[in-house]
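Peer 1: Any chance you can model this:
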Amino acid sequence: MGVVLAEVRNSAVTAAELLDLVRRSDAGAVALFVGVVRDHDPQASGAVVSLDYTCHPSAPERMREIVAGVLASTDPGDGCTVAATHRIGHLVVGDVAFVVAVSAPHRHLAFAVCEQVVEAVKAGLPVWKQQFEADGSYRWSGL
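Peer 2: Numbers count the residues shown, from 1 in each chain. Model prediction:
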């Protein structure tokens, strides 16, 4: 139990991969978050076609710290197993960008830890995205 994976990588990730890492015979619940590249953004002038994610060199270590910190504060009884991966590189609409899987004895804990990991990573991981639109324009976010 604990953090079995907390990484930043430039290769594809699937929900099934992370689910396999957190499954346990004593866990009655698995919560899953899958963030995918969407075709729109309220701040975009047109359709979004792709994203380029880049990160600070400290991002892999920071990911481990964030996930371990959330787990320590939300699951002091050590009942959860967590796996989290954030992609970097070029992604197109529909690609998976961020996955968090959490197994726990009960659903309430699994949901709570999953949500807190997602929010903490979104707030604290030094990852930036360059968003490309159909008309050739682009913009940066997360800087």
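
Peer 1: Tell me the secondary structure at the most centrally placed residue in the chain.
Peer 2: Compute the mean C-alpha point of the chain, and by Cα atoms, centre = their mean the closest residue is F98, 3.2 Å away. Assigned state for F98: strand (three-state reduction, DSSP: H, G, I helix; E, B strand; the rest coil).

Peer 1: wait, R139 sits on Q43?
Peer 2: Yes. Counting by Cβ atoms under 8 Å, Q43 is a contact partner of R139 at 7.3 Å. C-betas here are computed from N, CA, C, even on glycine.

Peer 1: okay, these two: which has more neighbours?
Peer 2: Using other Cβ atoms under 10 Å as the criterion, R139 and Q43 rank with R139 on top: 13 against 8.

Peer 1: Quickly list what that one is bridged to.
Peer 2: Beta-bridge pairing for R139 (DSSP bridges): Q131.

Peer 1: Distance of it relative to D52?
Peer 2: Going from R139 to D52 by Cβ to Cβ, to the nearest Å gives 11 Å.

Peer 1: got any residues that touch both of these two?
Peer 2: Common contacts of R139 and D52, defined by Cβ atoms under 8 Å, 6 or more residues apart in numbering, comprise Q130.

Peer 1: Just the mean pLDDT for stretch 121-133, thanks.
Peer 2: Stretch 121-133 shows a mean pLDDT of 96.

Peer 1: got a list of contacts for that stretch?
Peer 2: Here stretch 121-133 makes contact (Cβ under 8 Å, 6+ apart) with 8, 41, 44-56, 58-59, 62-63, 66-67, 84, 86, 88, 98, 100, 138-143.
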